[in-house]
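>>> Just the structure for this:
(one chain, ligands or ions: 2)
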Amino acid sequence: MKKVAIVGVGQMGSAIMEGLFRTKKYDLIGENPVNPRVDQLAEQFNFKLVHSMTDLANLKPDFIILTTPAKITSAVLKDLPATSSATIISAAAGISMAELDQILPEAKIARIIPNTPVAINAGTIATYLPEDLDETSKTAIKELLADLGDVIEVKEEQLSIAGTIGGCGPAFVDVFLDALADAGVLNGLKRDQANQIAASMVKGAATLALETKTAPALLRDQVCSPGGTTIKGVASLEKNGLRHAVIDAVNAANEN
Ligand SMILES: NC(=O)C1=CN([C@@H]2O[C@H](COP(=O)(O)OP(=O)(O)OC[C@H]3O[C@@H](n4cnc5c(N)ncnc54)[C@H](OP(=O)(O)O)[C@@H]3O)[C@@H](O)[C@H]2O)C=CC1
Ligand SMILES: O=C(O)[C@@H]1CCC=N1
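Ligands and ions are numbered 1, 2, ... in the order given. Below you'll find the model as predicted:
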């Protein structure tokens, strides 16, 4: 069984922990400052909990996934004893490979921007694997990440925008889902049912786009009957600037 350590068991760290736990394929380790919240997660997801990088290195993990706050990730990595031969996967947004390489020049390192659906093995994981990483390590990293969702390989200069769409995207979609549900409640649906209809619809629409590989604009046209109800709604979205609002949100989030 491969040993996977997650450093920083917060929102993203616990989502990855849950996703890996669900596969029953990994021996899991978590490293975090003492926190009763994390004690509870260690019981829930059956991982060994340690509180220092030295204790973590002593457990000889095959992979170390960094999900600490981005600003402290370099400092945390500096505490990893040089004896560790673990492959490092950094999820810290905005911390470059050059910066990581400088701290551990001999280590095998990859960068990812995952998203919270990794918790149910349905993530989107923008992934940068340096060209000089050996093929065996590249394959091992991709196999691990594939257990968490779709692995989308990109160049490092594309990681930020790919990660913004994939990583921040769930929050944007959640705002949209909540607004749809509000409209349902406004028109007489119960909140639970409105939430269920909105989420089921987005799941179906996304699955249709993925499975048919059809551009969203063409899928939209299939819904808009001539002179029908949908095109009136689409015209209203355009009048109110939804498209511009979405592009602006992605640009705002992508400004590091
Ligand atoms: N949330 C998301 O959807 C995504 C997040 N990321 C990246 O993941 C990282 C974490 O983000 P997020 O999960 O949202 O943040 P959180 O604040 O939820 O999680 C951070 C975790 O790191 C722990 N921590 C703090 N200091 C240390 C330390 N010195 N050593 C070890 N662990 C420490 C915190 O512990 P405690 O709570 O006890 O202080 C907490 O459990 C960031 O780098 C972010 O860029 C990337 C893609 C998506
Ligand atoms: O909000 C953040 O900074 C992180 C990075 C991508 C998603 N969440």
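
>>> which SS class is the residue lying farthest from the centre of the chain?
Relative to the centre of the chain, and counting by CA atoms, centre = their mean, the farthest-placed residue is Gly227 at 40.0 Å. Classification of Gly227 using DSSP: H, G, I helix; E, B strand; the rest coil returns coil.

>>> and it, what pLDDT?
In this model, Gly227 is scored at 97, pLDDT.

>>> Quick check on it: phi, psi?
The phi/psi pair for Gly227 (degrees, to the nearest 10) reads phi 70, psi 10.

>>> so how far is Ala235 from it?
Going from Gly227 to Ala235 by CB to CB, to the nearest Å gives 12 Å. Every residue, glycine included, has its C-beta placed from N, CA and C.

>>> what about the strands in this structure?
Applying DSSP state E to the chain gives strands spanning 2-7, 26-31, 48-50, 63-66, 87-90, 109-113, 123-128, 149-153.

>>> out of those, which comes closest to ligand 2?
Proximity to ligand 2, assessed across those by CB to the nearest ligand atom, is greatest for strand 109-113 (5.8 Å).

>>> Is ligand 1 within reach of the closest one?
Yes. Strand 109-113 reaches ligand 1 (CB under 6 Å from any ligand atom) through Ile113.

>>> What parts of the stretch 1-150 of the chain come near ligand 2?
Counting by CB under 6 Å from any ligand atom, the stretch 1-150 of the chain comes close to ligand 2 at 93, 113.

>>> Nearest to ligand 2 within the stretch 1-150 of the chain, name that residue for me.
Closest point on the stretch 1-150 of the chain to ligand 2, by CB to the nearest ligand atom, is Ala93, at 4.0 Å.

>>> next one: the stretch 151-256 of the chain
Gly167 (3.4 Å).
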